[in-house]
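Asks: I'd like to go over a predicted model; first the sequence, then the structure.
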Amino acid sequence: MARDYKKEYREYHSKPEQIRNRAKRNAARREMEEDGRVHKGDGKDVDHKHALINGGSNRESNLRVVSRSANRGFRRDSRGRPL
């Protein structure tokens, strides 16, 4: 079955909480780029040690640079939250 991206956006990604979290993730990435720790196209992700959805913050002590596969390859529950 094909993935319905429009429905997914309407029901999840457009929610105010998700928009705020996306803005926080983008801000964290910008901060790490300004510090020279990551670069556009380098295949790295800025990871929150304690996830935003679980109450984490954008403090530098909560951020780390990891490979894209390591950051996106962990198990999630049915709502997409890390286990």
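Replies: On my side now, so go ahead. Numbering: from 1, shown residues only.
Asks: How far does the strand or helix carrying Lys6 sit from its chain's centre?
Replies: In this structure, Lys6 sits in helix 5-8 according to DSSP states H and E. The gap between the average C-alpha position of helix 5-8 and the chain average comes to 19 Å, counting by CA atoms, centre = their mean, to the nearest Å.
Asks: Following the chain onward from that helix, which element is next?
Replies: Along the chain past helix 5-8, the next helix or strand (assigned with DSSP H and E) turns out to be helix 16-34.
Asks: partners of the following helix or strand past that following helix, with directions?
Replies: Tracing the chain past helix 16-34, the next element assigned as helix or strand by DSSP H and E is strand 44-48. For strand 44-48, the paired strands and their directions (DSSP bridges) are strand 63-67 (antiparallel).
Asks: Skip the chain neighbours and tell me the closest residue to Gly43.
Replies: Using CB to CB, 6 or more residues apart in numbering and skipping the chain neighbours, the partner closest in space to Gly43 is Arg68 (5.4 Å). From N, CA and C alone the C-beta is placed, and that goes for glycine too.
Asks: For that neighbour, give me its contacts.
Replies: Arg68 sits next to Gly43, Lys44, Asp45 when contact means CB atoms under 8 Å, 6 or more residues apart in numbering.
Asks: one step back: check which helices and strands the helix holding Lys6 sits against.
Replies: Here helix 5-8 touches no other helix or strand, going by 3 or more CB pairs under 8 Å, 6 or more residues apart in numbering; DSSP states H and E.
Asks: Please consider this matter closed, and thank you.
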